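Q: Predicted model and sequence below, questions to follow.
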Amino acid sequence: MVLAFVQYDDTEVPEESQQSLTVARTLAADIGADLTAVTFGTPSEPVIETIGDYGAESLRTVEHGALDGYAPPAWATSLNQLVDDLDPEAVVAPGTDRGHEVLSHLAAQRDLPMAANCLEIEPGEPYRLKRQRWGGSLYEHAELTADTKLLTTTPHEVPNRPAESATDPAVEAFEPSLADADVVVRVDHFEEADIEGVPLGEARVVVGGGRGVGSSEDFDILEELADLLGGTVGSSRAAVNEGWRPHDDQIGLTGAKISPDIYIAAGISGAVQHMVGCKGAEHLLAINTDPEAAIMQKADWAIVGDLHEVVPAITEAVRDAQ
């Protein structure tokens, strides 16, 4: 059996979990095993249907009064007990903050290694893995030997493909045995971020600005283009350091990882740390006055020019075409 840890929202399964389900299903097929999904709490019918779309034969829902909020050690303890019960060959989770954290705790509890950010998994003895390191700036070929393989997948770098035939997963509740010490570390409340529009990680169009934009006021032309294209605005670390944009807008190694259909980068030089964040973009349009800027060499399309002239011209052309 392969056990897939699935994160979900009220009515949908995020792309990262769809990707990890795809990888888990492929691994299960390769070793001739069943695929079982696990969630914390009972998800809605649309979420269960999506889990079936990705080929899970069964779904275990972890139910406990102490698990209403996010409690990393308690979640890991619950998974630990479920692993004891099901004895899967591998546990696969999305490479999100939560996926990494829970599997790290699980690895510590079971005294096992954990392989994070996997791109390819070749089962055998040992498992042969290809995974991202250093924020995606290099690939590592590694071997993993463990009684239970603990793996996370690289967000936006592996495919999310539904199964050829959807399943109707059998849903079964699992109640772990938890002590007070398990829930000492927990999230007790959330505060809504003061962010409008499409989140960077979900946007299909991102218009990014760097130091070349010049000021916080000059980001208005990027906002106008992003709104027109139904996208959102991001920025480089330089623009954040200047105080022109909030950290939530930062794209890069220490910011958001994006995978839009198109990323329009204006006034951004293309430092390695920034490119790590936008390498998942399907297409890259770079606008810069310096034809030798690193980002210009990596772009699908490069415009050498002043962004203060080029971006409004693009905006006008898009508006005329609509």
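A: That came in fine, so what should we check first? Numbers count the residues shown, from 1 in each chain.

Q: Show me the strands in the chain, by range?
A: 2-5, 35-40, 58-62, 90-94, 114-122, 127-133, 138-144, 149-153, 170-174, 205-209, 232-235, 262-266, 283-288, 301-304 (DSSP state E).

Q: Tabulate these (CSV), appending mean neighbour count, mean pLDDT and distance to Glu192.
A: Every C-beta, even on glycine, is put in place using the N, C-alpha and C of the backbone. Formatted as CSV, these follow (neighbours: other C-beta atoms under 10 Å; pLDDT from 0 to 100; distance: least, C-beta to C-beta, whole Å):
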stretch, mean neighbour count, mean pLDDT, distance to Glu192
strand 2-5, 28, 98, 26
strand 35-40, 25, 98, 21
strand 58-62, 20, 97, 26
strand 90-94, 28, 98, 23
strand 114-122, 19, 96, 29
strand 127-133, 17, 93, 31
strand 138-144, 13, 93, 37
strand 149-153, 26, 97, 27
strand 170-174, 13, 97, 30
strand 205-209, 28, 97, 22
strand 232-235, 28, 96, 17
strand 262-266, 27, 98, 27
strand 283-288, 22, 98, 32
strand 301-304, 16, 97, 37
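
Q: mind giving me the domain ranges of this structure?
A: For the chain, automatic domain parsing gives the domain ranges 2-183, 200-321.

Q: From the chain's centroid, how far away is stretch 107-116?
A: How far stretch 107-116 lies from its chain's middle: 21 Å, per C-alpha atoms, centre = their mean, to the nearest Å.

Q: Can you lay out the strands of the chain as CSV showing distance to Glu223?
A: Compiled in CSV, these are given as follows (distance: least, C-beta to C-beta, whole Å):
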stretch, distance to Glu223
strand 2-5, 37
strand 35-40, 37
strand 58-62, 42
strand 90-94, 31
strand 114-122, 33
strand 127-133, 32
strand 138-144, 35
strand 149-153, 33
strand 170-174, 44
strand 205-209, 8
strand 232-235, 6
strand 262-266, 12
strand 283-288, 15
strand 301-304, 19
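
Q: now for those, which one comes closest to Asp249?
A: Of all those, strand 232-235 sits nearest to Asp249, with 4.6 Å by C-beta to C-beta.

Q: Give me the helices and strands touching the closest one, please.
A: Judged by 3 or more C-beta pairs under 8 Å, 6 or more residues apart in numbering; DSSP states H and E, strand 232-235 is in contact with strand 205-209, helix 220-228.

Q: Redo these as a markdown table? Include distance to Leu119.
A: Output for those, formatted as a markdown table (distance: least, C-beta to C-beta, whole Å):
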| stretch | distance to Leu119 |
| --- | --- |
| strand 205-209 | 23 |
| helix 220-228 | 30 |
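
Q: looking at the strands of the chain, which is closest to Asp68?
A: Closest among the strands of the chain, using C-beta to C-beta: strand 35-40, at 9.6 Å.

Q: now the angle from the closest one to strand 58-62?
A: Counting by axes from the mean of the first three to the mean of the last three C-alpha atoms, to 10 degrees, strand 35-40 points 20 degrees away from the direction of strand 58-62.

Q: which helices and strands does strand 35-40 pack with?
A: Short answer (3+ C-beta pairs under 8 Å, 6+ apart): strand 35-40 packs on strand 2-5, helix 15-31, helix 45-53, strand 58-62, helix 72-86.
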